[in-house]
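In: The sequence and its predicted three-dimensional model are supplied below.
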Amino acid sequence: MAGVNVKSEIKPLKKVLLHRPGRELLNLTPNTLEELLFDDIPFLKVAQEEHDAFAQILRDNGVEVVYLEKLMAEVLDQNPELREKFLKQFIEEAGIRTERYQKIIYDYLNDNYPDNYDLVLKTMEGINLTELHTDKSNSLVDLVSDSSKMVVAPMPNLYFTRDPFAMIGNGVSINRMYSVTRNRETIYGEYIFTYHPEFKDVPEYYSRYNTFHIEGGDILNINDKVLAIGISQRTEPDAIDAIAKNIFEDSTSPIETILAFNIPNSRAFMHLDTVFTQIDVDKFTVHPGILGPLTVFEITPDGQGGIHVKEINDTLEDILEKYVGHPVELIPCGGGDRIAAEREQWNDGSNTLCIAPGTIVVYERNDVTNAVLKEKGLKVLEMPSAELSRGRGGPRCMSMPIWRED
Ligand SMILES: NC(=O)NCCC[C@H](N)C(=O)O
């Protein structure tokens with residue numbers, strides 16, 4: 001299975017990309033939480049156990065699990081000349097500007113992490129000033145803000161593999177992220193999709209060097225012909241214009257329509273997949289806050305290399321019904337109880353990973369929503385979630401499908 005194939009949100013999942021949360025979570029501190037997009041500090045040991053349980057549920061259901069850190073290490077193992085290039089780029093993008101400090105950090109990483117897998121994990125973890133053993137009286141301290149001793153910031157959001165690069169049909173979008181903290185995550189995608197033998201030929205619909213931001217949580221493969229993208233806090237309309245043109249230009253892509261859903265620009269509605277996810281041929285879980293009138297832009301090719309945009313004002317149900325091609329049922333998070341809905345939405349109750357029509361992975365803690373889903377006949381696979389949920393993303397956010405059956 002070289003390449004990628006994701007033309008649906010629900011067809012049997014065969015291969016998925018995860019990142020096992022690592023020591024980067026140990027570098028979250030109360031005063032960096034906001035900047036690093038966390039609401040609390042997870043207990044790493046338990047977060048890893050929960051993540052391993054997630055991966056095991058997927059394997060037990062016939063899904064091959066591949067890890068981001070392993071793919072990146074394979075790229076460096078197979079192309080030894082890239083190690084230097086990657087390290088220099090990583091240090092530059094970490095905001096280390098002066099030559100002297102670039103060298104100190106380069107030598108530290110290169111000398112102490114000869115194994116590429118360990119090196120990749122270390123780049124994710126970040127570097128504390130105390131590790132560098134430099135003379136504290138020199139100007140390296142200038143690099144360090146008052147509130148943190150991290151010289152190179154950690155990347156704690158990496159376990160949300162949904163966001164930095166997104167599979168669209170047989171292509172990929174290497175995203176430009178909304179936040180400074182998440183922008184370096186896409187370096188790994190750049191290397192994997194340029195050099196890894198399994199992925200280097202995948203068409204690229206968006207580049208991390210573009211100006212406008214777009215994140216994978218906003219991208220939903222409704223079916224082979226229809227793609228949905230959220231206009232959200234994380235994704236700008238200009239990015240959707242650009243990606244639409246690139247997708248329509250690719251003669252191998254069957255996508256005929258892109259629906260740009262205008263969702264509220266706030267953290268509660270962070271991405272389109274926080275608002276709704278498909279769980280069966282005719283069922284979606286939804287954030288109850290989105291059930292009023294909605295504006296969606298239908299984007300189609302104009303036949304001359306450009307795009308044609310039509311505004312649609314309708315309910316989510318009617319819009320989905322039209323493009324999915326049959327009636328759909330929307331199942332609100334919290335089962336209609338306002339308090340349960342707010343509590344469980346906070347813990348990603350409508351952010352499910354569908355691994356086959358009607359079979360979904362959910363956070364165990366959202367028991368009101370899960371009971372409703374079971375009553376509706378879904379096969380609900382529950383994963384432990386006390387710690388992972390503190391990063392504000394659910395099973396869909398924590399996974400990037402690489403291959404679904406057609
Ligand atoms: N697709 C998603 O909704 N991903 C969740 C990302 C959570 C992460 N803490 C973030 O704010 O980016």
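Out: Right, received. Where do you want to start? Remember, it's a predicted structure, so these values are computed and weren't measured experimentally. Numbering: from 1, shown residues only.
In: from here on, contacts and neighbour counts on C-alpha atoms
Out: OK.
In: so who does the residue of the stretch 101-250 of the chain found nearest the ligand touch?
Out: Nearest to the ligand, among the residues of the stretch 101-250 of the chain, is residue 217, at 3.4 Å (C-alpha to the nearest ligand atom). Residues in contact with residue 217, defined by C-alpha atoms under 8 Å, 6 or more residues apart in numbering, are 162, 163, 271, 272, 273, 274, 397.
In: Quick check: pLDDT value at the residue in the stretch 1-150 of the chain that the ligand sits nearest to.
Out: Of all residues in the stretch 1-150 of the chain, the one sitting closest to the ligand is residue 37 (4.6 Å; C-alpha to the nearest ligand atom). Per-residue pLDDT puts residue 37 at 96.
In: pLDDT score assigned to the residue of the stretch 101-250 of the chain closest to the ligand?
Out: Looking at residue 217, its pLDDT stands at 97.
In: so is it in a helix, a strand, or just coil?
Out: helix (DSSP: H, G, I helix; E, B strand; the rest coil).
In: Need the mean per-residue confidence for stretch 390-406.
Out: Here the average pLDDT along stretch 390-406 is 97.
In: ok, back up a step: which of the contacts of residue 217 sits closest to residue 308?
Out: Nearest to residue 308, judged by C-alpha to C-alpha, of the contacts of residue 217 is residue 272 at 22.2 Å.
In: Only the buried residues of stretch 399-406, if you could.
Out: Neighbour-count burial for stretch 399-406, counted by 16 or more other C-alpha atoms under 10 Å, picks out 399, 400, 401, 402, 403, 404.
In: List the beta-bridge partners for the second one.
Out: This means residue 400. Counting by DSSP bridges, residue 400 is bridged to residue 17.
In: thinking again about what came up before, so which of the contacts of residue 217 are in helices?
Out: 272, 273, 274 (DSSP state H).
In: Can you tell me how far the first one is from residue 107?
Out: This means residue 272. 42 Å (C-alpha to C-alpha, to the nearest Å).
In: got it, and the last one?
Out: Relative to residue 107, residue 274 is positioned 41 Å away (C-alpha to C-alpha).
In: unless I'm mixing things up, residue 244 is touching residue 258, no?
Out: Yes: counting by C-alpha atoms under 8 Å, residue 244 does reach residue 258; the two are 7.0 Å apart.
In: Next, show the common contact partners of those two.
Out: Joint contacts of residue 244 and residue 258 (C-alpha under 8 Å, 6+ apart) are residue 299.
In: which residues are in contact with stretch 42-52?
Out: Contacts of stretch 42-52 (C-alpha under 8 Å, 6+ apart): 20-23, 25-26, 383-388, 390-391.
In: Name the next helix or strand following the host helix or strand of residue 279 along the chain.
Out: Residue 279 belongs to strand 276-280 when assigned by DSSP states H and E. Next helix or strand after strand 276-280 toward the C-terminus (DSSP H and E): strand 283-286.
In: and that next one, what does it pack onto?
Out: strand 276-280, strand 329-332 (3 or more C-alpha pairs under 8 Å, 6 or more residues apart in numbering; DSSP states H and E).
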